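[1] Fold the following and give me the result.
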Amino acid sequence: MKGPGESLCSKVRLTLSAKNLKDCDVFSKSDPMCVVFLSSGALRGGRYSECGRTETLSNCLNAEWSKTIVVDYFFEEIQDIKFEVYDIDSSSNNLADHDFIGSAESTLAEIVGGPSCRRSFFLRGKNGERNCGELTIVAEEAEDQSREAVVFALRALKLDKKQFFGKSDPFLQIYRINDDGSSQLVHRTEVVPRSLYPEWKPFEVPMQQLCGSNRNRNIRFDCYSYGSGTTKSGNFIGGCEIAFNKLVGKNDMELPLINEKKRNKKGSKYVDSGRLVFVSVTTHRNYSFLEFIAGGTQLDFSVAVDMTASNGCVTEPSSLHFIGGSRPNEYHLAIRAVADICQHYNNSKTFDAMGFGAKIPPQNFVNHCFPLNIGNNSFAVFGVAGLLEAYQRCLMSCILYGPTNFAPIISEASKKAASYPRDGSRYQILLIITDGCICDFDQTLSAVIAASYLPLSIIIVGVGAENFDKMNELDADDGLLTYQGRKAQRDIVQFVPLRQFLNNKGMTSSSVEGTLASAQLAKEVLAEIPDQLTSYMKLNDIKPRPPTDPFPLPPPPPQSFLPAGLPQAYTTTSATASNPTTVPPSCSSQMSPGYGFNIMASQCPPTAQMPAFSTAGAYPASGTWSSVPSCGSKPSGESSIGFMVAPSSTGLGQPGPPPPHYAFGNGNAFSQSGTDNTIGGTGRTQPSAPPPP
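    Alright, predicted model coming up:
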């Protein structure tokens, strides 16, 4: 486990290109250069700083820059990134001296989590004008030689006796020999008790640590017998030294263990102090988290919310579930902190939303694993907004009860993870948010151990001021969990109490503190996910797919995301007609009958109009449909339009302010920010969900 504040940083290389750039010059074409700015994140003030510039290309409106930009990537942080394109007119380094072509903003996670780590964006001018061009970013992890590792399988024969009863307790210490002749310890094996023929467990040493880039470097193996004064000569059995490249690929090679002091004493009668057998010495690559993401691995995210009575009456301000006032409650903060990051690593943008410990209508029986969409047989919800919507509506429908049982929730997540193909295409993250101690600890312990063999990680966030000692037991800081003779295969649980990020009043007192608390929580609970994912892949000998041949995108989400009785909007195809002036009905959406919707446009021709859907058999027979508003001219070379379908917020068929939504163009989903400057996406359409009430 990482210590407090530690992060796993990767270097990501960004390759940039653009097409149809705005021409800022009168007698020639623009000379474009792209500048990249990365936000420091909420934990470090959130300020943008420049992290690189491409070269300038002369007389070019379709740019392919050769200079790449390398940035630091942290899975557990929201890293805003901004791209600005300028027409360079002089040798000045001051950007204000050059013509601004356009800019685009995103998050690094959105780019890295995109199909094949690629995203495209429409550039916007200073005043939001369109037709400034289209920027494409391809992300790849910068090559890291340190991921190669060496696996040793070693045993020894006929070791010298170092103990009174004629045995030794041998262990090995492995050293790299530096260029100046000094030695550096790189690994120490376990002790094999009372044996002159020990066989040590196979162990792994990073190649960089063992010999750096020099495979001809000598490696020394010293054998000791354990006791007081472990490394003193009195416990030294013998040692050997050999160039690393003479070991690789060899099987059952033997080297004599020599004790120089003993050889000098015995002279020609001395042979050796035993023999070290290299059963096997192999090298392999430890694949990174980003390599799996680039190969199409999808992170499935599930949330389980504690709905027990110990949280307090939901209508009382003292309740941990209270919704009101100007600040989110602790559950809302925890859900948002983790989901805002995880959403970028699943192209379906769907989450499983579960509750436990409440009485559920209509029977009002206590249920320890139920959909937050009460009355719906599916756990699935769409997007972060849909997740929070389901949580808030559930509070109004269920009766908080008890006890606090985790095992059913973990078993449900395990059942889903067990159904995944064993090819690395999917990995699940379960977030459990709770206010108290576990009532079924033994069953939970057993469930966690069983889950450790599956592609699953568990995050537990404690809210409120209760004692969370049992949660810390599940977070295996002192060794892998065991129960009734069974041992966990790996550490998959991370527990964090939310209160350590809040002020003394128990809740954030400002939006700035709330943003900081969310960032701190996300950093703490998500920092171990990359290592947990790669450890599962390694234990199951799963290698990432190449970015050029990633896993297919996940299937479309089910059509039962929203609580019963709410309007639903689903797009079934994208509008890809050639140079269209209207959107044909076959390219539009099938609606639930009887609800009103707004139809809005994104990056479409100014003359584009939606047809009167009320006459189409697949659409509601009543109500009217608004025309697509003019939204600027079609970008040069763009052969398709985009559109968005969302529930009307003011009544049947009447225009109203849109909720957070997804728009569509080129068969891809636009960003969920409510803007229309993004054209990279999932390669298929998605449903849109209304905002929380």
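[2] So what touches stretch 201-214?
    145-146, 148-153, 174, 176, 186-187, 189-190, 217, 219, 244, 283 (Cβ atoms under 8 Å, 6 or more residues apart in numbering). Every C-beta, even on glycine, is put in place using the N, C-alpha and C of the backbone.
[3] From those, list the buried ones, please.
    Among these, those buried by neighbour count (16 or more other Cβ atoms under 10 Å) are A149, V150, F152, A153, I174, R176, V186, H187, T189, R217, I219, F244.
[4] just checking, which of these belong to strands?
    Among those, the residues falling in strands (DSSP state E) are A149, V150, F152, A153, I174, R176, V186, H187, I219.
[5] Return the residues in contact with the third one.
    Pointing back at F152 there. I174, P202, F203, E204, V205, F278, S280, V281.
[6] M471 in helix, strand or coil?
    State at M471, reduced to three classes by DSSP: H, G, I helix; E, B strand; the rest coil: helix.
[7] where in the stretch 1-150 of the chain is pLDDT low?
    Scanning the stretch 1-150 of the chain for pLDDT under 70 picks out the ranges 1-8, 41-46, 144-146.
[8] Serialize the ones in strands among the buried ones among the contacts of stretch 201-214 to a markdown table and add fields for distance to S10.
    Shown next, in a markdown table, are these (distance: Cβ to Cβ, whole Å):
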| residue | distance to S10 |
| --- | --- |
| A149 | 17 |
| V150 | 22 |
| F152 | 27 |
| A153 | 30 |
| I174 | 28 |
| R176 | 26 |
| V186 | 24 |
| H187 | 25 |
| I219 | 29 |
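[9] which one of those residues is nearest L533?
    A149 (17.4 Å; Cβ to Cβ).
[10] and the closest one, what does it touch?
    Shown in contact with A149 (Cβ under 8 Å, 6+ apart): E204, V205, P206, M207, T283, H284, R285, N286.
[11] How much space separates it from N286?
    For A149, the distance to N286 equals 5 Å [Cβ to Cβ, to the nearest Å].
[12] again with C240
    As judged by Cβ to Cβ, C240 and N286 stand 27 Å apart.
[13] Also N93?
    41 Å.
[14] Pick out whichever of the two has more residues nearby.
    Between N93 and N286, N286 has the larger neighbour count (other Cβ atoms under 10 Å), namely 17 against 8.
[15] Return the residue spatially closest to that one, with its sequence-adjacent residues excluded.
    Excluding the flanking residues, the one nearest N286 by Cβ to Cβ, 6 or more residues apart in numbering is R147, at 4.7 Å.
[16] just to revisit the earlier point, the contacts of F152 into a markdown table, with extra columns for pLDDT and distance to M253?
    Putting these into a markdown table (pLDDT from 0 to 100; distance: Cβ to Cβ, whole Å) gives the following:
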| residue | pLDDT | distance to M253 |
| --- | --- | --- |
| I174 | 96 | 16 |
| P202 | 95 | 16 |
| F203 | 95 | 17 |
| E204 | 93 | 19 |
| V205 | 93 | 18 |
| F278 | 97 | 5 |
| S280 | 96 | 9 |
| V281 | 96 | 8 |
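[17] from those residues, which would you call buried?
    I174, F203, V205, F278, S280, V281.
[18] Now for the first one: which residues touch it?
    Taking Cβ under 8 Å, 6+ apart as the definition of contact, the neighbours of I174 are F152, L185, V186, H187, R188, T189, V205, L210, I219, R220, F221, D222.
[19] So what pairs up with it in the strands?
    I174 has these beta-bridge partners by DSSP bridges: H187, F221.
[20] same deal with the last one?
    Applying DSSP bridges to V281 gives these bridge partners: F152.
[21] ok, L498 - contacts?
    L498 sits next to E330, L333, A334, V461, G462, V463, A517, L521 when contact means Cβ under 8 Å, 6+ apart.
[22] farthest-separated two in those?
    G462 and A517, at 13.9 Å, using Cβ to Cβ across these.
[23] which residues in the stretch 201-350 of the chain form strands?
    Using DSSP state E, counting those that start in this stretch, the strands assigned to the stretch 201-350 of the chain run over residues 203-206, 218-225, 236-243, 251-256, 275-285, 298-306, 350-356.
[24] Can I get stretch 283-301 in CSV, CA atoms only?
    Extracted C-alpha coordinates of stretch 283-301, given in CSV (Å, rounded to 0.1, in the frame of the first residue of the first chain):
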residue,chain,number,x,y,z
THR,A,283,12.6,-11.7,-17.9
HIS,A,284,9.2,-10.3,-18.5
ARG,A,285,7.5,-6.9,-18.9
ASN,A,286,5.2,-5.6,-16.1
TYR,A,287,2.4,-3.9,-18.1
SER,A,288,1.1,-0.6,-16.9
PHE,A,289,-2.4,0.6,-16.1
LEU,A,290,-2.4,2.9,-19.1
GLU,A,291,-1.4,0.1,-21.5
PHE,A,292,-4.5,-1.8,-20.4
ILE,A,293,-6.6,1.3,-20.8
ALA,A,294,-5.2,2.0,-24.3
GLY,A,295,-6.0,-1.6,-25.2
GLY,A,296,-9.6,-1.1,-24.4
THR,A,297,-10.0,-2.3,-20.8
GLN,A,298,-13.2,-0.8,-19.4
LEU,A,299,-13.6,0.1,-15.8
ASP,A,300,-17.1,-0.7,-14.5
PHE,A,301,-18.1,1.4,-11.5
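[25] let's number from 38 now, not from 1
    I'll keep to 38 as the first residue from here, and by that count the last item is stretch 320-338.
[26] Okay, buried residues for that stretch please.
    Within stretch 320-338, the residues scored as buried using 16+ other Cβ under 10 Å are 323-338.
[27] just how off-centre is that stretch within its chain?
    Centroid displacement of stretch 320-338 relative to its chain, using Cα atoms, centre = their mean, to the nearest Å, is 10 Å.
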